[in-house]
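S.K.: Next input, structure requested:
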Amino acid sequence: MSSRKDTVEKELGVVLPEQYVDFLNKYGIYDDSSLEVYGVTENMLSHDGIPSVIGATRIYRKHEALPKRFLVIHHTGIEDEIVCLDTRDGKIYSFSRELGNRKLANSFNEWFRRDIIEFSKEIKRYSKEHGIQ
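M.R.: I've put the predicted structure just below:
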C-alpha cells in the first residue's frame, strides 16, 4: 500500500516538502470550523475532487493553467482565491484573478498555524462568547 506522500507525488508528479508530508501523516485532511486544508486519506473513494489535494490541483491545472509545481491546498471562500503550496521551496501563495497573487507565508507550518489553527481557535472562542453553536 502506498503512503499518502507517495500517492500525491505519483499522481501529481511533484516532490513534496517535508512539512506538508508531516501534515499528511498527521491529518491527511484538516477540516475544522469550516476551514479545510486539502490532502489525502486512505478512506477516500476518489481523488477527483475536493478535499483531495490531487483533485483540487488537477482542476486548477486544467482550468486555470496552474503551474505544475503548485498544489492547491485551500480555498479561502473569498471570490476565486485559492491557497497553493510551492513544491520547489515550500512557500505558500494565494492566487486569484479578482484579488491578485501574493505570498502568504515562508513555510507550510507558518501558514497552517497562523491562518488555520489560530483562526479556527478564534472562531470557536467567538462562537462560545456569543452562544453560537
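S.K.: Quick check: the most centrally placed residue in the chain vs His130, distance?
M.R.: The structure's the chain has its C-alpha centroid closest to Ile73; by C-alpha atoms, centre = their mean the separation is 1.8 Å. According to C-beta to C-beta, to the nearest Å, Ile73 stands 30 Å off from His130. Yep, even glycine has a C-beta here, placed from its N, CA and C like the rest.
S.K.: just so I have it, where are all the helices in the protein?
M.R.: Counting by DSSP state H, the chain has helices at residues 4-12, 18-26, 53-64, 108-111, 118-129.
S.K.: Quick check, pLDDT for Met1.
M.R.: We have a pLDDT of 55 for Met1.
S.K.: Apologies, that question was intended for Phe108.
M.R.: According to the prediction, Phe108 has pLDDT 98.
S.K.: Leaving aside the residues adjacent along the chain, what's closest to it?
M.R.: Gln19 (4.1 Å; C-beta to C-beta, 6 or more residues apart in numbering).
S.K.: and that neighbour, what is it in contact with?
M.R.: Taking C-beta atoms under 8 Å, 6 or more residues apart in numbering, we find Gln19 in contact with Gly90, Ser107, Phe108, Asn109.
S.K.: who wins for most neighbours among those residues?
M.R.: With neighbours set by other C-beta atoms under 10 Å, the maximum within the contacts of Gln19 is found at Phe108, which has 23 neighbours.
S.K.: Now do the helix or strand of the chain at the bottom of the mean pLDDT ranking: which elements does it pack against?
M.R.: Lowest by mean pLDDT, DSSP states H and E among the helices and strands of the chain is helix 118-129, with a mean of 79. Packing partners of helix 118-129 (3 or more C-beta pairs under 8 Å, 6 or more residues apart in numbering; DSSP states H and E): strand 35-37.
S.K.: Tell me, what's the model's pLDDT at Gln133?
M.R.: Per-residue pLDDT puts Gln133 at 67.
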